[in-house]
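Novice: pasting the sequence and the predicted model now:
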Amino acid sequence: MLDEKICRLRDKLNKCISNGEDYSVIYKVSVELDELIAKYYANMYEVHNK
């Protein structure tokens, strides 16, 4: 589920970049993506260290 959200947000970021969106929009999406990736890795760490 989280990995699907990451893929969708990554696609959104790529489209924003390709479409020449304003830097503030690209930055916002990038930060959201970073947060999801951090959550994903935290979950993976938790699962593997139980």
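Specialist: Now that the structure is in, tell me what you want to look at. Numbers count the residues shown, from 1 in each chain.

Novice: got the CA positions of stretch 28-48 in CSV?
Specialist: Output of stretch 28-48 as CSV, limited to C-alpha atoms (Å, rounded to 0.1, in the frame of the first residue of the first chain):
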residue,chain,number,x,y,z
LYS,A,28,6.3,20.3,-2.0
VAL,A,29,5.8,17.0,-3.9
SER,A,30,9.4,16.1,-3.4
VAL,A,31,9.1,16.6,0.4
GLU,A,32,5.9,14.5,0.4
LEU,A,33,7.7,11.8,-1.5
ASP,A,34,10.7,11.9,0.9
GLU,A,35,8.4,11.5,3.9
LEU,A,36,6.6,8.5,2.4
ILE,A,37,10.0,6.9,1.6
ALA,A,38,11.1,7.4,5.2
LYS,A,39,7.9,5.8,6.5
TYR,A,40,8.4,2.9,4.1
TYR,A,41,11.9,2.2,5.3
ALA,A,42,10.9,2.7,9.0
ASN,A,43,8.2,0.1,8.5
MET,A,44,10.6,-2.3,6.7
TYR,A,45,13.1,-1.9,9.6
GLU,A,46,10.3,-2.6,12.1
VAL,A,47,9.2,-5.7,10.3
HIS,A,48,12.7,-7.2,10.0
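
Novice: what mean pLDDT does it have?
Specialist: Mean per-residue pLDDT for stretch 28-48: 94.

Novice: return the set of buried residues in that stretch.
Specialist: For stretch 28-48, burial by neighbour count (16 or more other CB atoms under 10 Å) applies to 29-30, 33, 36. Backbone N, C-alpha and C define where each C-beta goes, glycine included.

Novice: let's have those in TSV, adding distance to Leu2.
Specialist: As requested, the buried residues of stretch 28-48 are arranged in TSV below (distance: CB to CB, whole Å):
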residue	distance to Leu2
Val29	17
Ser30	17
Leu33	12
Leu36	7
